[in-house]
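*Asks:* Fold the following for me, if possible:
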Amino acid sequence: MSETNTSATEMEASSQPIDTTDKTFTESDVENLMKALKAEREARKNYEREVKEKSSQLERFADINPDEYSKLQEEVARAAQLQAQYGEAREAIEAKYSKQAEEAAQKAIAAEASLSEYRKKYALEKVFLSAGGRTDSADGVSFFDMMSAQVSSRFRQEADGSLTVLDAQGDPVLDKESGKRISPEDFISSFKSHPVYGTFFKGTKGSGAGLGYGGVDASGRPVQDLSDLSANELFSVAFK
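*Replies:* The predicted structure follows:
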């Protein structure tokens, strides 16, 4: 009898409000939380199985001592009520933390994607600079920023940190002569002859209407010399 009362008291204490203040979970926290929830489910199943076994034993005991059986039935009913209350509280907590665990997992995925994009941009900037890309900027925008916005999707970063140039279908671009993959440096350098992107590189003279470095264009019309323009002035001319 005393053991039953003790169990009831413990379950009443466990049904008290639990501090579930929101927090940010790490990937390790998520794994530990899911393990704890799984263990709790197993413990609850074991408890329900024990209750059924005790109920079966009490039914057999009814034929021997009806009065004592009635008292025990009342205690079983009270225990079942407490268990139901405990179960509802546990399910509410489980639902809350399951949702938080899912949100934490999604944030971890997003963080990993952002980190991968940062690593790729860093690797691409090194290629741009090694190809002679200009380092100056204006209004918080650099030549690399503008180049990256146009060509970043043409690169894939491999597990070893290297970059692979891709075509429109997402396949590696091959050199027509050697049959080997074109290097990121060669791909970036190919923009030096572009009438606009060519101005993004040091000592490169682009060509084309309005973007030359003096002389005349293909139509014989004079073009502007951009070699002495500031970054602000060059941006203004290039994107008119």
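*Asks:* What ranges does the chain have for its strands?
*Replies:* 137-138, 141-142, 155-157, 163-165 (DSSP state E).
*Asks:* Which of the ones you listed has the lowest mean pLDDT?
*Replies:* Of all the strands of the chain, strand 137-138 carries the lowest average pLDDT, namely a mean of 85.
*Asks:* Pull the distance from that strand to the chain's centre.
*Replies:* On the basis of C-alpha atoms, centre = their mean, to the nearest Å, strand 137-138 sits 31 Å off its chain's mean C-alpha point.
*Asks:* Would you give the sheet partners of it, along with the direction of each?
*Replies:* Paired neighbours of strand 137-138 in the sheet (DSSP bridges): strand 141-142 (antiparallel).
*Asks:* between the strands of the chain, which one is nearest to Ala39?
*Replies:* strand 155-157 (39.7 Å; C-beta to C-beta). Just so you know, the C-beta spots here come from the backbone N, C-alpha and C atoms, and that holds for glycine as well.
*Asks:* how about TSV for the strands of the chain, with distance to Thr199 added?
*Replies:* TSV is the format used below for those (distance: least, C-beta to C-beta, whole Å):
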stretch	distance to Thr199
strand 137-138	13
strand 141-142	13
strand 155-157	22
strand 163-165	22
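*Asks:* Please identify the deepest-packed of these.
*Replies:* strand 163-165 (a mean of 18; mean count of other C-beta atoms under 10 Å).
*Asks:* Please compute how far that one lies from its chain's middle.
*Replies:* In terms of C-alpha atoms, centre = their mean, the centre of strand 163-165 is set 23 Å apart from its chain centre.
*Asks:* Who are the packing partners of it?
*Replies:* helix 66-130, strand 155-157, helix 184-189 (3 or more C-beta pairs under 8 Å, 6 or more residues apart in numbering; DSSP states H and E).
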